[in-house]
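# Next come a sequence and a model predicted from it.
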Amino acid sequence: MPSPEHRTALIVGASRGLGLALAHEYLKRGWRVIATVRGSRHTRLHDLAAASEGRLEIEQVDINVRNDVANLHRRLDQRRLDLLFVNAGVAIDPDAAIDKVSTEDFVTMMVTNALSPMRVIEALHALVPPDGTIAAMSSDLGSVSDNVDGGWEVYRASKAALNTLMRSFAARHAGDPRSLLLIAPGWVRTDMGGPQAELSIGESIPRVVDTVSAQAGIAGLQYLDYQGRIVPW
C-alpha cells in the first residue's frame, strides 16, 4: 500500500460540513486530496486549498447533472484514486411526514442522496485500484430495521435507497477485492444535523476516517457507523 503522501482521496461534496472536514482530515494525515464543490462561489474549501501547499485540488461538479459527472471522469481519467468517498446529500423539511412533502422535494432528495451518488460511483469506480476503497456517506437513518421511531421520513427513505443501490453495485461486482463502505457518521452538528445534534464534527469525522482506514484491504460491502460498528440493514 502506498505511503500517505502517495495516496489520493477524492471527496465528492466537500464545500462545507462533513465533506469539508473529511478533506481537512485526510490532508492532516498526509494524503493528497481532490475535493469537489457544486458552484463557483468561494468556500472554506478554497481557503483550505490555499494553505495546503498544493496537496488539495478543487474540482467543480454538480452530481445531479450527468454531463458534469462525465466531464469530471474525463478530467480524472488518468488518475489513481486510493479512496473515492461520495459525501454529497441534502435534507429538505426533514420533519415533514410523507403526506406533507411535495413531489418536487421528494424527487430532489431521492436524486441527490441516492441516484446521483451511485452515478458518481458508477462513473469513477474504475479509477480505484484493487487495494482501494469506495465509500458513500449514508446514515443510521438509512437502516430499515432500526426505524422504530419514525421521523425524517423522506431522508430515511433516500438513504435506505442509497444503501440498496450500493448493495446492488456490490452484487454486480462480486469478487471485487476493493473495500466497499456505507458510512453512518452519527448525528453531527452541521447545517443539516442542526445545533441539537449529539456529536461535533471533531468527534465524528476523525473516527470516520479511522473506520475507513481500518477496512482498507477488506473486500466486500459493509454498513458501518463512525466507530466501526455494524449498522443493521
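Structure's in. What do you need?

# Could you pull up the residues touching the residue of the chain positioned farthest from its centre?
What lies farthest from the middle of the chain is residue 99; by Cα atoms, centre = their mean that is 28.5 Å. Residue 99 makes contact with no residue, according to Cβ atoms under 8 Å, 6 or more residues apart in numbering. Glycine gets a C-beta too; all of them are placed from N, C-alpha and C.

# ok so residue 125 is a helix residue?
Yes. Remark: residue 125 belongs to a helix, assigned using DSSP: H, G, I helix; E, B strand; the rest coil.

# what about the residue farthest from the centre of the chain, which SS state?
Per three-state DSSP, residue 99 ends up helix.

# Tell me who's in contact with the residue nearest the centre of the chain.
Geometric centre of the chain, nearest residue: residue 87, 2.3 Å, by Cα atoms, centre = their mean. Each residue near residue 87 by Cβ under 8 Å, 6+ apart is listed here: 11-14, 18-19, 22, 136-137.

# residues of the top helix by length along the chain that come out buried?
Using DSSP state H, we find that the single longest helix of the chain is helix 153-172. Neighbour-count burial for helix 153-172 flags 153-163, 165-166, 169-170 (criterion: 16 or more other Cβ atoms under 10 Å).

# Quick one: low-confidence residue ranges for this structure.
Along the chain, the parts satisfying pLDDT under 70 run over 1.

# Do a quick rundown of the strands in it.
Taking DSSP state E as the criterion, the chain carries its strands at 8-12, 32-37, 56-60, 83-86, 133-137, 179-184, 220-225.

# Count the residues that sit near the closest residue to residue 22 other than its chain neighbours.
Counting by Cβ to Cβ, 6 or more residues apart in numbering, residue 11 is the residue found nearest to residue 22 once chain neighbours are left out, at 5.0 Å. Per other Cβ atoms under 10 Å, the neighbour tally for residue 11 reads 28.

# Now do residue 11 against residue 61, distance only.
Residue 11 sits 12 Å away from residue 61, going by Cβ to Cβ, to the nearest Å.

# ditto for residue 113
Separation of residue 113 from residue 61 (Cβ to Cβ): 16 Å.

# so what's residue 185 up against?
18, 137, 139, 199, 204-205, 208, 225-226.

# cool, residue 177 as well?
By Cβ under 8 Å, 6+ apart, the residues touching residue 177 are 130-131, 219.

# and the residues you listed as CSV, adding neighbour count?
Supplementary listing: those in CSV, determined by neighbours: other Cβ atoms under 10 Å:
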residue, neighbour count
130, 9
131, 14
219, 16
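
# quick one: which of those residues is nearest to residue 78?
When the contacts of residue 177 are compared for distance to residue 78 (Cβ to Cβ), residue 130 wins out at 17.6 Å.
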